[in-house]
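Engineer: got a predicted structure here, sequence first:
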Amino acid sequence: MTQTSRVYMIPSIVAPVHNVDIDFETKFIGTRYDIAAKEISSMVLMKRHETNEAYLNSASKKKSNAVEIESLREKYHQRVSTLVGKIYEERDTLRRELNKKVMMFCSFKGNGKIINQVMATGEELHRSRLLKKLKSENLKRKKKQV
């Protein structure tokens, strides 16, 4: 393996790191959209809750059977509270995943900078070695001519 082949191998090693960077950015954006969607769905459920509560209030005025209305109201409130709890749990898990992805993304960005610095240093060393080799070959040629 010659010196020149080593220089050309370095970018192929670094390429997956840049792909991972892009992949984490897309996942990060997707998670943010998921959180926004969950918040919208919770707002929709809250609006449904308000309309159903208004319906129950109007139905209670129409019906004279207070016990039946109260049992329906309790069932409804139990269902709504379980749904709201599930939504909050899902939102919290999505936020935790987002925080993890942000931390991983930041760590990969730092690693990419280090790799780029190492690549630049390697290229500089390779150039200096080539220059020294060319100088020594020129000196040898001059020596043979003299």
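Structural biologist: In hand now; what should we look at?

Engineer: any idea how far Ser71 lies from Ala54?
Structural biologist: Counting by Cβ to Cβ, to the nearest Å, the gap from Ser71 to Ala54 is 19 Å. For glycine as for every other residue, the C-beta is placed from the backbone atoms N, C-alpha and C.

Engineer: which residue packs closest to the residue nearest in space to the middle of the chain, ignoring adjacent ones?
Structural biologist: The chain has Phe28 as the residue nearest its centroid, 2.5 Å off, counting by Cα atoms, centre = their mean. Using Cβ to Cβ, 6 or more residues apart in numbering and skipping residues adjacent in sequence, the residue nearest Phe28 is Lys101, 5.2 Å away.

Engineer: now for the residue nearest to the centre of the chain: which residues touch it?
Structural biologist: 98, 101-102, 105 (Cβ atoms under 8 Å, 6 or more residues apart in numbering).

Engineer: could you identify the most distant pair in those residues?
Structural biologist: Using Cβ to Cβ, these span at most 10.2 Å, a distance reached by Leu98 and Phe105.

Engineer: Arg95 and Ala36 touch, don't they?
Structural biologist: No. At 11.6 Å, Arg95 and Ala36 do not qualify as touching, with contact defined as Cβ atoms under 8 Å.

Engineer: so what's Thr82 scoring on pLDDT?
Structural biologist: Per-residue pLDDT puts Thr82 at 90.

Engineer: that older thread, neighbour count: Arg95 and Ala36, which is higher?
Structural biologist: Here Arg95 and Ala36 are set side by side on neighbour count (other Cβ atoms under 10 Å), and the busier one is Arg95, at 14 against 11.

Engineer: relative to Met46, how far out is the more buried one?
Structural biologist: Noted for Arg95: a distance of 19 Å to Met46, by Cβ to Cβ.

Engineer: what strand or helix carries Gln78?
Structural biologist: Secondary structure from DSSP states H and E places Gln78 in helix 66-145.

Engineer: nice, that's everything, thank you.
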